[in-house]
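Visitor: Quick one, structure for this:
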Amino acid sequence: MSRYRFPPWLDKCICVLEKAILPILIFQLIRTLFLTTTFDLILLGILIGIFIAFHLRWI
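Guide: Now for the predicted structure:
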């Protein structure tokens, strides 16, 4: 399914998320380096997965 088949409001949300994921990922990486908890590691893994999916155009 192409991302351009989504409704316009969902496509706009995906575009905003695509632009915002890198700063959020960097912040979470710094937070994880200083305060490592299981939740932070899981969240960092999810954010890295989303970033890779956007980078490889899977989403």
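Visitor: Give me the pLDDT for the residue nearest to residue 48 when sequence neighbours are not counted.
Guide: Using C-beta to C-beta, 6 or more residues apart in numbering and skipping residues adjacent in sequence, the residue nearest residue 48 is residue 25, 6.8 Å away. (C-beta placed from N, C-alpha, C; glycine too.) Note on residue 25: pLDDT of 95.
Visitor: which element is residue 25 on?
Guide: helix 8-34 (DSSP states H and E).
Visitor: State the distance from the closest residue to residue 32 other than its chain neighbours to residue 29.
Guide: Counting by C-beta to C-beta, 6+ apart, residue 32 lies nearest to residue 40, which is 4.5 Å off, once chain neighbours are set aside. The gap separating residue 40 from residue 29 is 10 Å, by C-beta to C-beta, to the nearest Å.
Visitor: And these two? Which one has more around it.
Guide: Neighbour totals were compared for residue 40 and residue 29, and residue 40 leads with 16 against 13 (other C-beta atoms under 10 Å).
Visitor: show me the contacts for the more buried one.
Guide: 28, 31, 32 (C-beta atoms under 8 Å, 6 or more residues apart in numbering).
Visitor: What about residue 53, how many residues nearby?
Guide: Every residue meeting other C-beta under 10 Å relative to residue 53 is counted, giving 13.
Visitor: With residue 47 instead?
Guide: 19.
Visitor: was I right about it contacting residue 24?
Guide: Yes. With contact defined as C-beta atoms under 8 Å, residue 47 reaches residue 24; the gap is 6.4 Å.
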